[in-house]
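Participant: Here is my input; please provide its structure:
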Amino acid sequence: MIPRDHPLRRNTREKHMDFKKPRGSLFAGSLVLLSALLLTGCSTLANKSNPGVVVARSAQILSSTAVVSANLLEVNRGDIVDILDQMDVPDPSDNTRKERWYRVRAHDELKTEGWIEARNIIPDKVLENARKLSDEDKGTQSQATGQLHAGSNLRLTPDRGSNENIMMRLDSGSSFEIIGWKRVPKLKGAESSESDTAPKAGSATSGTNKGARSDAENPEEQETTELWYKVRLSPSISPAPQGWIFGKQVELTVPSDIIYYRTGREFVAWRRLDDDSSDEGSATKTKDVAKESRPGSWVILERGSAKELHKLDEPDFDRIYVLGYEKHDQDHYTAYRSPDIEGYLPLRIEGRASNKTFTVRVKDESGQVKDLTYSLYRDDHGVMRVAAPGEVKGKKKK
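Facilitator: Presented below is the predicted three-dimensional model:
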(Lines give C-alpha, C1' and ligand atoms only; values in the text may rest on other atoms or scores of the structure.)
Protein backbone atom coordinates (compact mmCIF):
# COMPACT_ATOMS: atom_id res chain seq x y z
CA MET A 1 0.00 0.00 0.00
CA ILE A 2 1.36 3.43 -0.94
CA PRO A 3 1.82 5.74 2.07
CA ARG A 4 -0.47 8.80 2.20
CA ASP A 5 2.46 11.21 1.91
CA HIS A 6 4.19 9.35 -0.95
CA PRO A 7 4.94 11.65 -3.98
CA LEU A 8 3.27 9.31 -6.43
CA ARG A 9 0.06 9.34 -4.40
CA ARG A 10 0.22 13.13 -4.11
CA ASN A 11 0.57 13.59 -7.88
CA THR A 12 -2.31 11.26 -8.49
CA ARG A 13 -4.47 13.27 -6.09
CA GLU A 14 -3.56 16.54 -7.79
CA LYS A 15 -4.44 15.12 -11.18
CA HIS A 16 -7.75 13.89 -9.81
CA MET A 17 -8.49 17.35 -8.41
CA ASP A 18 -7.87 18.85 -11.89
CA PHE A 19 -11.00 17.15 -13.18
CA LYS A 20 -13.04 19.00 -10.56
CA LYS A 21 -12.37 22.50 -11.89
CA PRO A 22 -15.39 24.83 -12.14
CA ARG A 23 -17.58 24.70 -15.24
CA GLY A 24 -16.43 28.17 -16.20
CA SER A 25 -12.92 26.89 -16.73
CA LEU A 26 -14.23 24.06 -18.90
CA PHE A 27 -16.24 26.53 -20.97
CA ALA A 28 -13.16 28.72 -21.43
CA GLY A 29 -11.18 25.72 -22.56
CA SER A 30 -13.88 24.84 -25.06
CA LEU A 31 -13.74 28.34 -26.47
CA VAL A 32 -10.00 28.03 -26.94
CA LEU A 33 -10.47 24.73 -28.74
CA LEU A 34 -13.28 26.12 -30.90
CA SER A 35 -11.19 29.17 -31.79
CA ALA A 36 -8.34 26.93 -32.84
CA LEU A 37 -10.68 24.96 -35.09
CA LEU A 38 -12.07 28.14 -36.63
CA LEU A 39 -8.59 29.47 -37.27
CA THR A 40 -7.71 26.20 -38.93
CA GLY A 41 -10.80 26.52 -41.11
CA CYS A 42 -9.92 30.11 -42.05
CA SER A 43 -6.42 29.03 -42.92
CA THR A 44 -7.88 26.36 -45.17
CA LEU A 45 -10.07 28.95 -46.89
CA ALA A 46 -7.14 31.34 -47.24
CA ASN A 47 -5.17 28.61 -48.98
CA LYS A 48 -7.96 28.01 -51.48
CA SER A 49 -6.33 28.49 -54.89
CA ASN A 50 -7.48 30.20 -58.05
CA PRO A 51 -6.57 28.67 -61.41
CA GLY A 52 -4.46 30.55 -63.93
CA VAL A 53 -3.16 29.95 -67.46
CA VAL A 54 0.47 30.41 -68.51
CA VAL A 55 0.65 32.96 -71.35
CA ALA A 56 4.42 33.17 -71.82
CA ARG A 57 5.97 30.78 -74.34
CA SER A 58 8.02 29.47 -71.44
CA ALA A 59 8.71 30.69 -67.92
CA GLN A 60 10.34 29.47 -64.73
CA ILE A 61 8.71 28.81 -61.38
CA LEU A 62 11.32 30.06 -58.91
CA SER A 63 12.10 29.32 -55.29
CA SER A 64 11.59 33.00 -54.31
CA THR A 65 11.09 36.50 -55.71
CA ALA A 66 14.74 37.37 -55.05
CA VAL A 67 17.08 38.23 -57.91
CA VAL A 68 19.13 35.15 -57.07
CA SER A 69 16.74 32.21 -56.77
CA ALA A 70 16.61 28.61 -57.91
CA ASN A 71 14.67 27.42 -60.96
CA LEU A 72 12.15 24.82 -59.79
CA LEU A 73 10.13 24.05 -62.92
CA GLU A 74 9.66 25.32 -66.47
CA VAL A 75 6.06 25.92 -67.58
CA ASN A 76 4.83 26.65 -71.10
CA ARG A 77 2.01 28.55 -72.75
CA GLY A 78 -1.35 26.93 -72.01
CA ASP A 79 -0.23 25.14 -68.82
CA ILE A 80 -2.61 25.42 -65.86
CA VAL A 81 -1.35 26.42 -62.42
CA ASP A 82 -3.05 27.22 -59.11
CA ILE A 83 -2.50 30.77 -57.82
CA LEU A 84 -2.00 30.54 -54.05
CA ASP A 85 -0.84 34.04 -53.15
CA GLN A 86 0.55 37.26 -54.61
CA MET A 87 3.18 39.83 -53.66
CA ASP A 88 4.33 43.20 -55.05
CA VAL A 89 8.11 43.59 -54.89
CA PRO A 90 10.41 46.43 -56.07
CA ASP A 91 11.63 46.10 -59.64
CA PRO A 92 15.43 45.54 -59.48
CA SER A 93 15.93 47.81 -62.50
CA ASP A 94 13.73 50.61 -61.14
CA ASN A 95 13.05 50.96 -57.42
CA THR A 96 10.19 53.38 -58.09
CA ARG A 97 8.26 50.60 -59.78
CA LYS A 98 6.77 47.50 -58.21
CA GLU A 99 6.39 44.18 -59.89
CA ARG A 100 3.68 41.64 -59.05
CA TRP A 101 4.54 38.01 -58.41
CA TYR A 102 2.28 34.99 -57.88
CA ARG A 103 2.96 32.03 -55.63
CA VAL A 104 1.71 29.08 -57.66
CA ARG A 105 1.34 25.33 -57.56
CA ALA A 106 2.03 23.51 -60.83
CA HIS A 107 0.10 20.46 -62.02
CA ASP A 108 3.20 18.29 -62.42
CA GLU A 109 3.70 15.00 -60.56
CA LEU A 110 5.48 16.75 -57.69
CA LYS A 111 2.90 19.57 -57.42
CA THR A 112 5.79 22.03 -57.50
CA GLU A 113 5.17 25.26 -55.59
CA GLY A 114 7.10 28.48 -56.11
CA TRP A 115 7.01 32.04 -57.41
CA ILE A 116 6.49 33.37 -60.94
CA GLU A 117 6.15 36.87 -62.40
CA ALA A 118 2.49 37.85 -62.80
CA ARG A 119 3.02 38.92 -66.43
CA ASN A 120 3.47 35.23 -67.28
CA ILE A 121 0.05 34.21 -65.94
CA ILE A 122 -3.57 35.11 -66.70
CA PRO A 123 -5.81 34.43 -63.69
CA ASP A 124 -8.92 32.47 -64.63
CA LYS A 125 -11.19 35.35 -63.56
CA VAL A 126 -9.44 37.73 -65.97
CA LEU A 127 -9.59 35.13 -68.74
CA GLU A 128 -13.32 34.74 -68.14
CA ASN A 129 -13.77 38.51 -68.63
CA ALA A 130 -11.89 38.28 -71.94
CA ARG A 131 -14.23 35.48 -73.03
CA LYS A 132 -17.26 37.59 -72.14
CA LEU A 133 -15.85 40.43 -74.22
CA SER A 134 -15.43 38.00 -77.11
CA ASP A 135 -18.98 36.69 -76.74
CA GLU A 136 -20.34 40.24 -77.01
CA ASP A 137 -18.69 40.59 -80.44
CA LYS A 138 -19.39 37.05 -81.62
CA GLY A 139 -21.46 38.29 -84.55
CA THR A 140 -18.99 40.99 -85.62
CA GLN A 141 -17.04 40.17 -88.76
CA SER A 142 -13.38 40.96 -89.12
CA GLN A 143 -12.89 44.52 -90.40
CA ALA A 144 -9.16 44.40 -91.10
CA THR A 145 -5.99 42.63 -90.03
CA GLY A 146 -2.92 43.89 -88.23
CA GLN A 147 0.27 42.98 -86.46
CA LEU A 148 2.47 44.46 -83.73
CA HIS A 149 5.65 46.25 -84.76
CA ALA A 150 6.75 46.21 -81.09
CA GLY A 151 5.87 44.19 -78.00
CA SER A 152 2.70 45.54 -76.41
CA ASN A 153 0.15 44.88 -73.69
CA LEU A 154 -3.19 43.21 -74.38
CA ARG A 155 -5.76 44.91 -72.14
CA LEU A 156 -9.35 44.32 -71.12
CA THR A 157 -10.23 47.98 -71.70
CA PRO A 158 -8.82 50.79 -73.89
CA ASP A 159 -7.17 52.54 -70.96
CA ARG A 160 -3.52 53.08 -70.00
CA GLY A 161 -4.35 54.87 -66.74
CA SER A 162 -4.09 51.64 -64.77
CA ASN A 163 -2.15 48.42 -65.17
CA GLU A 164 -4.77 46.26 -63.50
CA ASN A 165 -6.47 45.76 -66.89
CA ILE A 166 -3.37 44.18 -68.50
CA MET A 167 -4.01 40.54 -69.44
CA MET A 168 -0.70 39.64 -71.02
CA ARG A 169 2.16 40.92 -73.14
CA LEU A 170 2.11 40.15 -76.86
CA ASP A 171 5.35 39.69 -78.76
CA SER A 172 6.40 41.94 -81.64
CA GLY A 173 5.05 40.49 -84.90
CA SER A 174 1.90 39.01 -83.30
CA SER A 175 -0.97 39.08 -85.82
CA PHE A 176 -4.70 39.44 -85.23
CA GLU A 177 -8.06 40.37 -86.69
CA ILE A 178 -9.28 43.92 -86.04
CA ILE A 179 -12.99 44.00 -85.27
CA GLY A 180 -13.25 47.65 -84.25
CA TRP A 181 -11.45 50.67 -82.86
CA LYS A 182 -12.08 53.57 -80.57
CA ARG A 183 -10.61 56.97 -79.76
CA VAL A 184 -10.29 57.85 -76.09
CA PRO A 185 -8.97 60.94 -74.27
CA LYS A 186 -5.19 60.95 -74.19
CA LEU A 187 -3.68 60.29 -70.79
CA LYS A 188 -1.58 63.26 -69.74
CA GLY A 189 2.06 62.43 -69.09
CA ALA A 190 1.73 58.94 -70.61
CA GLU A 191 4.42 57.30 -72.70
CA SER A 192 3.89 57.71 -76.44
CA SER A 193 3.96 53.93 -76.87
CA GLU A 194 3.67 50.66 -75.00
CA SER A 195 7.12 49.38 -75.87
CA ASP A 196 9.14 46.75 -74.04
CA THR A 197 9.87 49.32 -71.34
CA ALA A 198 6.17 49.72 -70.53
CA PRO A 199 4.99 48.68 -67.03
CA LYS A 200 4.21 45.03 -66.43
CA ALA A 201 0.89 43.78 -65.11
CA GLY A 202 0.35 44.88 -61.54
CA SER A 203 3.19 47.39 -61.52
CA ALA A 204 2.95 51.06 -60.63
CA THR A 205 2.12 53.48 -63.43
CA SER A 206 5.23 55.00 -64.94
CA GLY A 207 5.90 58.73 -64.87
CA THR A 208 6.19 61.17 -67.70
CA ASN A 209 8.13 60.43 -70.84
CA LYS A 210 11.53 61.95 -70.15
CA GLY A 211 12.60 61.66 -73.74
CA ALA A 212 9.50 63.31 -75.20
CA ARG A 213 10.01 66.51 -77.18
CA SER A 214 8.03 69.67 -76.58
CA ASP A 215 4.66 70.20 -78.26
CA ALA A 216 6.21 72.60 -80.76
CA GLU A 217 8.86 70.04 -81.76
CA ASN A 218 6.54 67.01 -81.82
CA PRO A 219 3.08 67.61 -83.37
CA GLU A 220 1.85 64.23 -82.09
CA GLU A 221 2.11 65.57 -78.56
CA GLN A 222 -0.60 68.08 -79.43
CA GLU A 223 -3.13 65.30 -79.98
CA THR A 224 -5.82 65.13 -77.30
CA THR A 225 -6.97 61.61 -78.21
CA GLU A 226 -5.36 58.23 -78.79
CA LEU A 227 -6.48 55.32 -80.94
CA TRP A 228 -7.14 51.78 -79.65
CA TYR A 229 -7.89 48.63 -81.64
CA LYS A 230 -10.25 45.91 -80.48
CA VAL A 231 -8.66 42.67 -81.69
CA ARG A 232 -9.52 38.99 -81.99
CA LEU A 233 -6.61 36.59 -81.45
CA SER A 234 -5.77 33.03 -82.39
CA PRO A 235 -5.43 30.51 -79.52
CA SER A 236 -1.86 29.88 -80.71
CA ILE A 237 -1.02 33.49 -79.81
CA SER A 238 -3.13 34.16 -76.73
CA PRO A 239 -5.39 32.17 -74.37
CA ALA A 240 -7.46 35.38 -74.14
CA PRO A 241 -9.58 35.42 -77.34
CA GLN A 242 -10.07 39.18 -77.45
CA GLY A 243 -8.80 42.46 -76.03
CA TRP A 244 -7.59 46.00 -76.72
CA ILE A 245 -4.20 47.14 -78.10
CA PHE A 246 -2.76 50.65 -78.16
CA GLY A 247 -3.02 51.91 -81.74
CA LYS A 248 0.52 53.21 -82.16
CA GLN A 249 1.84 49.68 -81.73
CA VAL A 250 -0.29 48.34 -84.60
CA GLU A 251 0.61 48.09 -88.26
CA LEU A 252 -2.32 47.39 -90.61
CA THR A 253 -1.53 44.43 -92.87
CA VAL A 254 -3.30 45.35 -96.10
CA PRO A 255 -3.49 42.29 -98.42
CA SER A 256 -1.02 42.35 -101.30
CA ASP A 257 -3.91 41.96 -103.76
CA ILE A 258 -5.17 45.49 -103.04
CA ILE A 259 -2.30 47.41 -101.46
CA TYR A 260 -1.24 48.93 -104.80
CA TYR A 261 -4.66 50.54 -105.29
CA ARG A 262 -4.21 53.08 -102.53
CA THR A 263 -4.34 56.58 -104.00
CA GLY A 264 -3.27 58.84 -101.18
CA ARG A 265 -6.03 57.63 -98.87
CA GLU A 266 -5.66 55.22 -96.00
CA PHE A 267 -7.34 51.80 -96.14
CA VAL A 268 -9.02 51.35 -92.75
CA ALA A 269 -11.19 48.27 -93.42
CA TRP A 270 -11.53 45.66 -96.16
CA ARG A 271 -13.33 42.42 -96.90
CA ARG A 272 -13.36 40.00 -99.80
CA LEU A 273 -16.55 39.85 -101.88
CA ASP A 274 -15.94 36.58 -103.73
CA ASP A 275 -15.76 34.26 -100.71
CA ASP A 276 -18.94 32.45 -99.66
CA SER A 277 -17.43 31.32 -96.38
CA SER A 278 -18.19 33.46 -93.34
CA ASP A 279 -15.66 34.15 -90.60
CA GLU A 280 -18.40 35.44 -88.30
CA GLY A 281 -17.25 34.93 -84.74
CA SER A 282 -14.36 32.70 -85.78
CA ALA A 283 -10.90 32.78 -84.31
CA THR A 284 -8.10 34.40 -86.26
CA LYS A 285 -6.78 32.25 -89.07
CA THR A 286 -3.23 31.09 -88.63
CA LYS A 287 -2.24 32.01 -92.19
CA ASP A 288 -0.84 35.45 -92.91
CA VAL A 289 -3.75 37.16 -94.65
CA ALA A 290 -1.53 40.10 -95.63
CA LYS A 291 0.49 37.84 -97.90
CA GLU A 292 -2.55 36.27 -99.56
CA SER A 293 -1.83 36.60 -103.27
CA ARG A 294 -5.08 35.18 -104.67
CA PRO A 295 -6.73 38.04 -106.60
CA GLY A 296 -10.41 38.81 -106.20
CA SER A 297 -13.09 41.42 -105.57
CA TRP A 298 -13.09 43.60 -102.45
CA VAL A 299 -15.05 46.26 -100.61
CA ILE A 300 -12.68 48.78 -99.06
CA LEU A 301 -13.35 51.62 -96.64
CA GLU A 302 -11.01 54.58 -97.10
CA ARG A 303 -10.13 57.65 -95.07
CA GLY A 304 -8.34 60.79 -96.19
CA SER A 305 -5.27 62.02 -94.38
CA ALA A 306 -6.21 64.04 -91.29
CA LYS A 307 -5.31 67.73 -91.55
CA GLU A 308 -6.60 68.57 -88.09
CA LEU A 309 -6.31 67.01 -84.66
CA HIS A 310 -8.38 63.86 -84.20
CA LYS A 311 -11.69 64.04 -82.33
CA LEU A 312 -13.37 61.44 -80.14
CA ASP A 313 -16.48 61.16 -82.33
CA GLU A 314 -14.89 61.52 -85.75
CA PRO A 315 -16.06 59.18 -88.57
CA ASP A 316 -14.21 55.92 -89.16
CA PHE A 317 -14.09 56.38 -92.95
CA ASP A 318 -15.13 58.91 -95.59
CA ARG A 319 -15.40 56.86 -98.79
CA ILE A 320 -16.42 53.40 -100.03
CA TYR A 321 -14.36 51.77 -102.75
CA VAL A 322 -15.45 48.52 -104.43
CA LEU A 323 -12.76 46.78 -106.45
CA GLY A 324 -13.90 44.16 -108.96
CA TYR A 325 -11.80 41.47 -110.62
CA GLU A 326 -12.06 40.11 -114.14
CA LYS A 327 -10.82 36.53 -114.23
CA HIS A 328 -10.58 36.39 -118.02
CA ASP A 329 -8.32 39.44 -118.25
CA GLN A 330 -6.83 38.84 -114.80
CA ASP A 331 -7.23 42.49 -113.96
CA HIS A 332 -8.94 44.64 -111.34
CA TYR A 333 -11.37 47.46 -112.10
CA THR A 334 -13.32 50.03 -110.11
CA ALA A 335 -16.86 48.73 -109.62
CA TYR A 336 -17.98 51.58 -107.37
CA ARG A 337 -16.62 54.63 -105.62
CA SER A 338 -18.89 56.59 -103.31
CA PRO A 339 -18.98 60.35 -102.86
CA ASP A 340 -17.50 61.69 -99.62
CA ILE A 341 -19.51 60.49 -96.61
CA GLU A 342 -19.26 60.24 -92.84
CA GLY A 343 -19.21 56.51 -92.21
CA TYR A 344 -18.90 54.32 -89.13
CA LEU A 345 -18.08 50.67 -88.54
CA PRO A 346 -18.83 47.84 -88.55
CA LEU A 347 -18.83 46.75 -92.19
CA ARG A 348 -20.95 43.66 -92.71
CA ILE A 349 -21.15 41.33 -95.73
CA GLU A 350 -24.23 39.14 -96.26
CA GLY A 351 -25.51 36.79 -98.93
CA ARG A 352 -23.85 34.40 -101.34
CA ALA A 353 -22.51 34.40 -104.89
CA SER A 354 -24.00 37.27 -106.92
CA ASN A 355 -26.69 38.06 -104.35
CA LYS A 356 -24.41 39.72 -101.84
CA THR A 357 -24.91 42.95 -99.97
CA PHE A 358 -22.73 45.00 -97.68
CA THR A 359 -23.94 47.31 -94.93
CA VAL A 360 -22.27 50.27 -93.22
CA ARG A 361 -23.43 53.04 -90.91
CA VAL A 362 -23.56 56.52 -92.44
CA LYS A 363 -24.52 59.93 -91.04
CA ASP A 364 -27.23 61.63 -93.10
CA GLU A 365 -27.85 65.35 -93.70
CA SER A 366 -29.87 65.60 -90.49
CA GLY A 367 -26.98 64.23 -88.45
CA GLN A 368 -28.63 60.84 -87.82
CA VAL A 369 -26.49 57.70 -88.19
CA LYS A 370 -28.34 55.00 -90.13
CA ASP A 371 -27.54 51.59 -91.60
CA LEU A 372 -27.19 51.72 -95.39
CA THR A 373 -27.16 48.54 -97.48
CA TYR A 374 -25.49 48.34 -100.90
CA SER A 375 -26.35 45.52 -103.35
CA LEU A 376 -23.95 43.79 -105.72
CA TYR A 377 -24.97 42.55 -109.16
CA ARG A 378 -23.54 41.72 -112.59
CA ASP A 379 -24.48 43.75 -115.66
CA ASP A 380 -25.18 42.32 -119.11
CA HIS A 381 -21.44 41.98 -119.72
CA GLY A 382 -20.82 40.12 -116.48
CA VAL A 383 -19.13 43.10 -114.85
CA MET A 384 -19.67 43.63 -111.12
CA ARG A 385 -21.72 46.69 -110.26
CA VAL A 386 -23.03 48.22 -107.04
CA ALA A 387 -26.55 49.54 -106.42
CA ALA A 388 -26.43 52.20 -103.73
CA PRO A 389 -29.38 52.54 -101.31
CA GLY A 390 -32.43 53.78 -103.24
CA GLU A 391 -31.12 52.57 -106.59
CA VAL A 392 -32.58 49.74 -108.64
CA LYS A 393 -30.11 47.17 -109.86
CA GLY A 394 -29.05 48.09 -113.38
CA LYS A 395 -30.51 51.59 -113.18
CA LYS A 396 -29.00 54.78 -111.87
CA LYS A 397 -30.95 56.88 -109.39
CA LYS A 398 -32.24 60.05 -111.02
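Participant: make it CA atoms for all contacts and neighbour counts henceforth
Facilitator: Will do.
Participant: Now do Pro22, the pLDDT please.
Facilitator: For Pro22, the pLDDT comes out at 42.
Participant: actually Lys393, not the one I wrote
Facilitator: 72.
Participant: where along the chain do the helices fall?
Facilitator: 7-18, 23-46, 124-136 (DSSP state H).
Participant: where does the stretch 201-350 of the chain have low pLDDT?
Facilitator: The model of the stretch 201-350 of the chain has pLDDT under 70 over residues 201-220, 276-293.
Participant: what are the ranges of the strands in it?
Facilitator: 225-232, 242-246, 250-252, 266-272, 298-303, 319-326, 331-337, 343-350 (DSSP state E, counting those that start in this stretch).
Participant: Deepest-packed of the ones you listed, please.
Facilitator: Greatest average neighbour count among the strands of the stretch 201-350 of the chain goes to strand 242-246 (a mean of 25), per mean count of other CA atoms under 10 Å.
Participant: now that one against strand 225-232, angle please.
Facilitator: 150 degrees (axes from the mean of the first three to the mean of the last three CA atoms, to 10 degrees).
Participant: For strand 242-246, name the packing helices and strands.
Facilitator: For strand 242-246, the contact count by 3 or more CA pairs under 8 Å, 6 or more residues apart in numbering; DSSP states H and E identifies helix 124-136, strand 152-155, strand 225-232 as packing neighbours.
Participant: If you count contacts, what does the first one end up packed against?
Facilitator: Just to be clear, that refers to helix 124-136. Against helix 124-136 (3+ CA pairs under 8 Å, 6+ apart) you get strand 50-54, strand 242-246.
Participant: Of all those strands, which one is nearest Tyr260?
Facilitator: Tyr260 lies closest to strand 242-246 among the helices and strands packed on helix 124-136, at 26.7 Å (CA to CA).
Participant: So what touches that closest one?
Facilitator: When contacts are defined by CA atoms under 8 Å, 6 or more residues apart in numbering, strand 242-246 is touched by residues 130-131, 133-134, 152-158, 193-194, 227-233.
Participant: what about it, distance to the chain center?
Facilitator: On the basis of CA atoms, centre = their mean, to the nearest Å, strand 242-246 sits 4 Å off its chain's mean C-alpha point.
Participant: between it and helix 124-136, how big is the angle?
Facilitator: Going by the same axes, to 10 degrees, strand 242-246 makes 90 degrees with helix 124-136.
Participant: Run a quick neighbour tally on Leu133.
Facilitator: Counted with other CA atoms under 10 Å, the neighbours of Leu133 add up to 17.
Participant: So for it, what's the nearest residue that isn't a sequence neighbour?
Facilitator: In this structure, Leu133 finds its nearest non-sequential neighbour in Gln242, 6.7 Å apart by CA to CA, 6 or more residues apart in numbering.
Participant: What's the separation between the closest residue to Trp115 other than its chain neighbours and Asp85?
Facilitator: Of all residues beyond its chain neighbours, the one nearest Trp115 is Arg103 (4.4 Å), with distances taken as CA to CA, 6+ apart. Distance, Arg103 to Asp85, using CA to CA, to the nearest Å: 5 Å.
Participant: again, but for Ser375
Facilitator: Taking CA to CA, one finds Ser375 at 57 Å from Asp85.
Participant: center of the chain, which residue is that?
Facilitator: Gly243 (2.1 Å; CA atoms, centre = their mean).
Participant: quick revisit: in the sheet, who's paired with the residue nearest to Leu133?
Facilitator: With DSSP bridges applied, Gln242 shows beta-bridge pairing to Arg232.
Participant: Leu376: what's it in contact with?
Facilitator: Ser354, Asn355, Lys356, Thr357, Met384, Arg385, Val386, Ala387.
Participant: Looking at the residues you listed, which is nearest Glu302?
Facilitator: Val386 (16.8 Å).
Participant: give the contact list for the closest one.
Facilitator: Counted by CA under 8 Å, 6+ apart, Val386 has contacts Ala335, Tyr336, Tyr374, Ser375, Leu376, Tyr377, Lys393.
Participant: Beta-bridge partners for the third one, please?
Facilitator: Each beta-bridge partner of Tyr374 is listed here, defined by DSSP bridges: Phe358.
Participant: Surely it touches Phe358?
Facilitator: Yes - Tyr374 is within contact range of Phe358, at 5.4 Å (criterion: CA atoms under 8 Å).
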